[in-house]
Each structure stands twice: as structure tokens, then as C-alpha cells.
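*Asks:* I would like the atomic coordinates for the input below:
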Amino acid sequence: MLYKPNYYRKFELIGDDYLLVAISEVALPGFTLMREKARSPWYATFDRTTNKPVSGCFLQWNADGTLKVDANGIPQFTSNAANFRGGGNSATNDGKYNTLIGMPASATSKVTIRTRCVSKGANWHHGGWRFREEMSWLMAIEFGDLDSQATYNAEKTADGFAQGGLGNGTFVDGSQWSTHNGYYPFIPCGITAKLGNNTGIVEYSIPNWANSGSAKVVRVASYRGWETPQQYLWEHCDDVIVHVNKPSDGGERLLYLCSDPTKFTTPADKAASIPDGYVELGRLPSTQGYISAMGVANGYSFPNSVAGGAANKDYCDNYWFAECTDDNGAEGFYQLLAAAHAHNSETAGVRCASTNNRGASASAHFGFPLCLEYPLSEGA
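*Replies:* Here you go, the predicted structure:
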């Protein structure tokens, strides 16, 4: 697991144009404690015997640190790896270029993931939005740039500061991805493990990409041990939900946050009330596009405008939603998906979000993080 310790953070809106974000290792007036959390360094999978979620890397490495592959370039996995098969757990492609062995689990609903997380213990869950929101600001502070997809640069500035971003290296053509394996995961969990908790890029050669006879090389990013934080798989977020009001009731898209994993839930699409434990953070943008401004509430930030945003301006990431133009049944609860998938390009940075999907939705390219968090009475 990747551990994030306690620290303190403050947001302050300065006029209409500036958002000050400050962090501290000690408590200061006006600062909020951002409590310790842990999540899997990469997307998680399941033990296919017990159904318990697992944070695991099943790759093998040569003595010189290179990835162990067979004569066809297919990665060689540990002997037990098939018991933790990713995707939808189909064994059809085992041993082939489009194998799901060693990959993250996908095509699983939030309800099923939640039930399986709880089977590990009450403190396990897949509510990773808060971790992501915090890391996005720590990344911006470190790089001095809100564009998480800016070109990766391992060099420091003359003053010793980081520069650039994590790049755009996992972009693939959508039709080719469909041909390759039907939009299931294609980057093995832990491909960047050799970087440890350092930030960097690892090249991974996907054998026989899209059954073309040629390999495709992707540049897989890790931010301080957090592998593929963007532009690979959409990420289920169990600690936030979205409610869309009928246009006749104002049409607002409201984001709700829950910080108590024991109360995470998936409300029915047309549930009449907000679930216990979820508090309103604020309004999400009323149109789709590149995020241009953040709202702040309860110690967290969230997209609240796309006016004038662009790929190289403001937050540089996209926000999508399901249209609700009249009282036609599109109102109600939706889930928030983060990170975007690999055939999104400049739209798919660390802050991008989609509220297109109902709570029960699952897909071949929806993954999830395994998270560990203790209740306030138990934590530090």
C-alpha cells in the first residue's frame, strides 16, 4: 500500500481569480487536518478464490532489473498469478499477448467492490477520491504546474525544484484498444514498481498490439509510487456521489462527500433523499469542458466551472456529465469517475472527472483502488 501521512491544508479564495493552497506539517489557524490514508499503488484486483481485493504485482524481473518476457514479448508472471486475474476474470487469453493475468480487475460494480472490500475488514474500501484530490494538489505544489500531463522532465530547475508533469504517454487509439482486448486493462499492475516511491516514467512494450504483429510502447508514469494516476482506466470513487436535480427544480449538479467508509453506499438512481453520512460540497459545472475553476468546501476542492478552460489553461483537465435538458428521467444519482481512460488525450489528467454514469455502471475500462483508512476514534 502507498501511505499518505497526516498534514494540514488551507484553501483561501483571493478575489475572483486566485485560489491559494497552503500545506503545513503542523497545525496552524485556519488549516484543516488531512488525515492519513493508504491506497494500492496501482489499480487493484481480486483473489479469485476468496473474492477479496488485493494490491499485488505479479510480474517477474531479470537480475539486471529488466522485465522478464517470453520469446513473443509476453510478460512472465508468478506461478500463482492466474488466481488474481484482472479484467472480468476471463481465462480465454491466458498466455496470449492480450492476457488479463497480472492486470487490474475491471467490469465490476461499486456495490460488488464495496462488499468485497468489507470482507477484508471494516477499514478497507475503494473510496479513493479524497486521496486523489489531495495528491493532485501535492503534485501541483511540487511541479509548480496545474497541468499534470505536461511533458515529463526528470531534471530539476536551477533552484532545485521539479518541473513539467507526468506526460501523455499512455494514450492509445480507441479502436485499436477495442481490437486488442475489448477495452480491458493492458498495463500490468506494478510495471513501475522498480521506481519505488519515486516519480518517473517506465516504458512498457505491449506485444502484438491490436493483433497487428507489432509491439506498442507506452510510457507509464508513477508519481511518488502512485502508478497510472491518469489516462489509463476510469476509477470508481466510493466516497463521492452526484445528484442531478430536474431542470424544473433548478437543474443543479451537486457533489456529495462521505468521509466515513462504513457509510459508503450506492443510492438508487431515483432515491428521494441523500444517504446518511454524505455532505454537500457544492455545485459541479453546468456545462462540459476543460475545468477552469475550483470550488472549496469541507477542506476539499472540486470542479465548479469550465468557462474559458482549455488543455493548456487553468486546470487543463476535462469534466463530463450526462445531459438532463428536461424532466425526462435523467435526474437523480450518478457516480463520479476519475482519471479517464487511455483513449482520452489532453482531457485526461489527474483532476478530470465524469458524472455520466449511474451508480450501478461497470465497464471493461473501469478499475478501482484498494484503500485503507481508520475511523477517527482509531486513527492517529
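
*Asks:* What segments of the stretch 251-380 of the chain are strands?
*Replies:* Secondary structure of the stretch 251-380 of the chain, counting by DSSP state E, counting those that start in this stretch: strands at 253-257, 279-283, 289-290, 293-297, 300-305, 318-321, 332-338, 353-355, 366-367, 371-372.

*Asks:* who does the last one touch, helix- and strand-wise?
*Replies:* Meaning strand 371-372. strand 37-39, strand 124-125 (3 or more C-beta pairs under 8 Å, 6 or more residues apart in numbering; DSSP states H and E). Just so you know, the C-beta spots here come from the backbone N, C-alpha and C atoms, and that holds for glycine as well.

*Asks:* Residue 133 is nearest to which of these?
*Replies:* Evaluated with C-beta to C-beta, these place strand 37-39 nearest to residue 133, the distance being 11.0 Å.

*Asks:* Residue 112: which of the strands of the stretch 251-380 of the chain is closest?
*Replies:* Closest among these, using C-beta to C-beta: strand 366-367, at 11.7 Å.

*Asks:* In the sheet, which residues pair with the residue lying closest to residue 294 once chain neighbours are set aside? Tell me.
*Replies:* In space, and not counting its chain neighbours, residue 294 is closest to residue 301: 4.3 Å by C-beta to C-beta, 6 or more residues apart in numbering. Under DSSP bridges, the beta-bridge partners of residue 301 are residue 296.

*Asks:* I figured residue 301 hits residue 137, correct?
*Replies:* Yes: contact status for residue 301 versus residue 137: in contact at 7.4 Å, counting by C-beta atoms under 8 Å.

*Asks:* which ones are touching residue 317?
*Replies:* 148, 290, 291, 347, 348, 349, 350, 351, 352, 353 (C-beta atoms under 8 Å, 6 or more residues apart in numbering).

*Asks:* what residues are up against the closest residue to residue 335 other than its chain neighbours?
*Replies:* Distances taken as C-beta to C-beta, 6+ apart put residue 359 closest to residue 335, at 4.9 Å, once the chain neighbours are dropped. For residue 359, the contacting residues are 110, 111, 241, 266, 267, 268, 269, 333, 334, 335, by C-beta under 8 Å, 6+ apart.

*Asks:* Next, count neighbours for the fourth one.
*Replies:* Same thing as residue 266. 18 (other C-beta atoms under 10 Å).

*Asks:* what sits against it?
*Replies:* Contacts here follow C-beta under 8 Å, 6+ apart; on that basis residue 266 touches 109, 110, 111, 114, 241, 335, 359, 360.

*Asks:* residues near residue 14, how many?
*Replies:* 8.

*Asks:* re the thing from before, report pLDDT for the residue nearest to residue 294.
*Replies:* At residue 301, the pLDDT value in this model is 97.

*Asks:* what number of residues lie near it?
*Replies:* Neighbours around residue 301, by other C-beta under 10 Å: 22.

*Asks:* so how far is residue 170 from residue 191?
*Replies:* Noted for residue 191: a distance of 11 Å to residue 170, by C-beta to C-beta, to the nearest Å.

*Asks:* any shared contact partners between these two?
*Replies:* What both residue 191 and residue 170 touch, as defined by C-beta under 8 Å, 6+ apart, is the set residue 220.

*Asks:* Can you give me the neighbour number for the closest residue to residue 236 other than its chain neighbours?
*Replies:* Nearest residue to residue 236, sequence neighbours excluded (C-beta to C-beta, 6+ apart): residue 368, at 4.4 Å. Look at residue 368: counted by other C-beta under 10 Å, it has 30 neighbours.

*Asks:* Repeat that for residue 355.
*Replies:* Using other C-beta under 10 Å: residue 355 sits among 25 other residues.

*Asks:* pLDDT at it, what is it?
*Replies:* 96.

*Asks:* Please apply the same query to residue 340.
*Replies:* If you check residue 340, the pLDDT there is 95.

*Asks:* Tell me which residues touch it, please.
*Replies:* Contacts of residue 340 (C-beta under 8 Å, 6+ apart): 230, 231, 234, 318, 347, 348, 349, 352, 354.

*Asks:* who's the nearest residue to residue 339 once chain neighbours are set aside bridged to?
*Replies:* The shortest distance from residue 339 to any non-neighbouring residue, by C-beta to C-beta, 6+ apart, is to residue 235 (4.5 Å). Residue 235 has these beta-bridge partners by DSSP bridges: residue 338, residue 367.

*Asks:* just to revisit the earlier point, got phi/psi on the residue nearest to residue 335?
*Replies:* Here is the backbone geometry of residue 359 (degrees, to the nearest 10): phi -60, psi -30.

*Asks:* what does the model give it for pLDDT?
*Replies:* 97.

*Asks:* I'd like the distance from it to residue 126, if you could.
*Replies:* 13 Å.

*Asks:* what do those two both touch?
*Replies:* Shared contacts of residue 359 and residue 126 (C-beta under 8 Å, 6+ apart): residue 110.

*Asks:* give me the number of residues near residue 247?
*Replies:* By the criterion of other C-beta under 10 Å, residue 247 has 15 neighbours.

*Asks:* wait, isn't it in contact with residue 323?
*Replies:* No: with contact defined as C-beta under 8 Å, residue 247 does not reach residue 323; the gap is 10.5 Å.

*Asks:* which one of the helices and strands packed on strand 371-372 lies closest to residue 8?
*Replies:* Of the helices and strands packed on strand 371-372, nearest to residue 8 by C-beta to C-beta is strand 37-39, at 14.6 Å.

*Asks:* Check the offset of that closest one from the chain's centre.
*Replies:* Centroid displacement of strand 37-39 relative to its chain, using C-alpha atoms, centre = their mean, to the nearest Å, is 13 Å.

*Asks:* for that strand, packing partners?
*Replies:* Judged by 3+ C-beta pairs under 8 Å, 6+ apart, strand 37-39 is in contact with strand 2-4, helix 129-143, strand 371-372.
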